[in-house]
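1. Attaching a predicted model along with its sequence, questions to come.
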Amino acid sequence: MDYANHSDANGWAISGQRVEATFDYREVVAPDARSARQRRSVSPGKVRAVVLHALTNGWHPEQRGHKPMRFNGESLHPVD
């Protein structure tokens, strides 16, 4: 794949190396057991931790042609 001229699923142009961090999905079930939903959020502090970790580990956000950097954000900074 040519990452220098890649578009995401929505057609947005990706102009540099992308970083992707995944977090665990934890379903919260209401006491009545009728509804379940995801009640976790990724705070600005967690985003900052992900970006700093990526930069420390060789992320080149301004450079084209690199494969996306992917890692488990949960192991870096668990979401409450």
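-> That came through, no problem. Numbering: from 1, shown residues only.
2. shouldn't Met69 be in contact with Val50?
-> No - the pair Met69 and Val50 does not pass the contact test of CB atoms under 8 Å, sitting 10.3 Å apart. Any C-beta I mention is one placed from the backbone N, CA and C, and that applies to glycine too.
3. so what sits against both of those two?
-> Residues touching both Met69 and Val50 (CB atoms under 8 Å, 6 or more residues apart in numbering) are Val19.
4. in the chain, which segments are predicted with low confidence?
-> Flagging of the chain using pLDDT under 70 yields the residue ranges 1-8, 11-14, 30, 33-39, 77-80.
5. Helices of this protein, residue ranges please.
-> All helices of the chain, identified by DSSP state H, fall at 44-56, 73-76.
6. Those into a markdown table, with extra columns for distance to Ala9 and mean neighbour count?
-> Supplementary listing: the helices of the chain in a markdown table, determined by distance: least, CB to CB, whole Å; neighbours: other CB atoms under 10 Å:
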| stretch | distance to Ala9 | mean neighbour count |
| --- | --- | --- |
| helix 44-56 | 21 | 14 |
| helix 73-76 | 20 | 16 |
